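**Student:** My questions concern the predicted model and sequence given below.
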Amino acid sequence: MLRKRIFAGCAFAAIVLALAACGQVSEPAGSSSEETPAAEAPASDDVLAEAPSAYPFCAEIGRRVPPQQCEDFGRLADDAEAGAAAFNTPDPMKRGARHTLQLAIGFAPTPEQIAERERLASEAAALAARQAEAERLAREREAAEPAPRATEKEAPPEEPAGDPPEPAPPAAPPPPPPTPAETVDPLQGETVEFQPLVGRFMSAELTGAGFNITPLSPPSQEVLQDSVTTWTWDVIAEQGGQRALTLTTVVEGCTAEGQCYPLRSTSRNYAINVTVGWLGKVQDFLTAAPDWLKLITGALVALAALAAAGFGLRNALRGGRES
């Protein structure tokens, strides 16, 4: 009996040990199935660098951009230099009248460009002087030649033997490119020149209280060397008195995707006197008059119309009786 109990205890212990061994073997399999997949591993530094929130803050444009773009914007801002600009300001302006205002901007001319412009101007002046002298000599020659005598049969004119043919006049040199002032001069108003900061990409805006301003050109444009870029607005003054127009030019930095950011700006104010005609003054008076005065004015106008109608009816009746 004792042996049976000992044998049963040993068998029970063996079964327990076997079950424990099986649990230890199956545990790694369960743990391996719960491991995080490789796709959910933490992102590398390169992946984080592509996220906008990971970009450093660029103080030049006030937002987060890649470091290389921030360096490019800083360089463009530092490269902005005083250029040449002209703007026409009609003063005074009449209320309700339409005016075309234009801004012309270009890079400041280099000393070489200034010298070339002076050379071309000098050559043009010398050519004009030579042409005027040739015309004067031709008139003197025609005046000195005697008038041909009348004969029965006119002989063909004899060509002078000793006079060589006159050389062809030299070709005129090409005109220099127009300056901003020369571009704006043909327009109405006084041409005002100034020197804003100029860069390759620029925008311009015209604002003013009491004016209806409609842009006629794109706000952002490219400014090229040896050329002039223009911005045009259609302006109508809607209120009389002393007004002001504000012209703002901005040097921009643009990315390859076409996104542009303001870098440097220049603003100028122009005082404008807006005049009002007599009809406009009457309209203003009626608009500003109190309600009771408007009622009296309306009643007087109605009475005048009624009196005119009665006078016409009386004349018509009198004419019918006389006939």
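**Tutor:** Sure, I can see it. Numbers count the residues shown, from 1 in each chain.
**Student:** Any regions of the stretch 201-323 of the chain where pLDDT drops low?
**Tutor:** Low-confidence segments of the stretch 201-323 of the chain (pLDDT under 70): 281, 283-294, 297, 316, 319-323.
**Student:** all helices for it, in order.
**Tutor:** Counting by DSSP state H, counting those that start in this stretch, the stretch 201-323 of the chain has helices at residues 278-288, 291-322.
**Student:** so how many other residues sit close to the spatially closest residue to residue 76 that is not a sequence neighbour?
**Tutor:** Nearest residue to residue 76, sequence neighbours excluded (Cβ to Cβ, 6 or more residues apart in numbering): residue 253, at 4.6 Å. For every residue, glycine as well, the C-beta is placed using N, CA and C. Neighbour count for residue 253, taken as other Cβ atoms under 10 Å: 25.
**Student:** Residue 253 pairs with what?
**Tutor:** residue 261 (DSSP bridges).
**Student:** for residue 266, same thing?
**Tutor:** residue 249.
**Student:** Residue 104 now?
**Tutor:** residue 86, residue 230.
**Student:** My read is that it contacts residue 185, right?
**Tutor:** No - judged on Cβ atoms under 8 Å, residue 104 makes no contact with residue 185 at a distance of 9.7 Å.
**Student:** quick one: which of those two has more around it?
**Tutor:** For residue 104 versus residue 185, neighbours defined as other Cβ under 10 Å are more numerous around residue 104 (25 against 13).
**Student:** so who does that one touch?
**Tutor:** Neighbouring residues of residue 104 by Cβ atoms under 8 Å, 6 or more residues apart in numbering: 85, 86, 87, 180, 181, 183, 184, 228, 229, 230.
**Student:** go on, residue 270?
**Tutor:** Contacts of residue 270 by Cβ under 8 Å, 6+ apart are 87, 89, 91, 192, 244, 245, 246, 247.
**Student:** Can I get these in a markdown table including distance to residue 129 and neighbour count?
**Tutor:** Formatted as a markdown table, these follow (distance: Cβ to Cβ, whole Å; neighbours: other Cβ atoms under 10 Å):
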| residue | distance to residue 129 | neighbour count |
| --- | --- | --- |
| 87 | 35 | 28 |
| 89 | 37 | 19 |
| 91 | 39 | 14 |
| 192 | 34 | 15 |
| 244 | 47 | 13 |
| 245 | 44 | 24 |
| 246 | 47 | 13 |
| 247 | 41 | 24 |
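**Student:** so which two of those residues are the farthest from each other?
**Tutor:** Among the contacts of residue 270, the pair separated by the greatest distance (Cβ to Cβ) is 91 and 246, at 14.9 Å.
**Student:** Look at the closest residue to residue 102 other than its chain neighbours and say how many residues are nearby.
**Tutor:** Leaving aside its chain neighbours, residue 102 sits nearest to residue 232 (4.8 Å; criterion: Cβ to Cβ, 6+ apart). The burial count assigned to residue 232 is 16, neighbours taken as other Cβ under 10 Å.
**Student:** And residue 232, how close does it get to residue 188?
**Tutor:** 13 Å (Cβ to Cβ, to the nearest Å).
**Student:** Show me whatever sits in contact with both of these two.
**Tutor:** residue 100.
**Student:** wait, what's in contact with residue 102?
**Tutor:** 87, 88, 183, 184, 187, 230, 231, 232, 233.
**Student:** between those residues, which has the most around it?
**Tutor:** residue 87 (28 neighbours).
**Student:** ok, then the element right after the helix ranked longest in the chain?
**Tutor:** Across the chain, the longest stretch assigned as helix under DSSP state H is helix 111-144. Note on helix 111-144: by DSSP states H and E, the next helix or strand toward the C-terminus is helix 180-184.
**Student:** any idea of the mean pLDDT for that following helix?
**Tutor:** What helix 180-184 shows for mean pLDDT is 93.
**Student:** who touches both of residue 104 and residue 185?
**Tutor:** Common neighbours of residue 104 and residue 185 (Cβ under 8 Å, 6+ apart) are residue 86.
**Student:** Quickly note the distance from residue 53 to residue 108.
**Tutor:** 41 Å.
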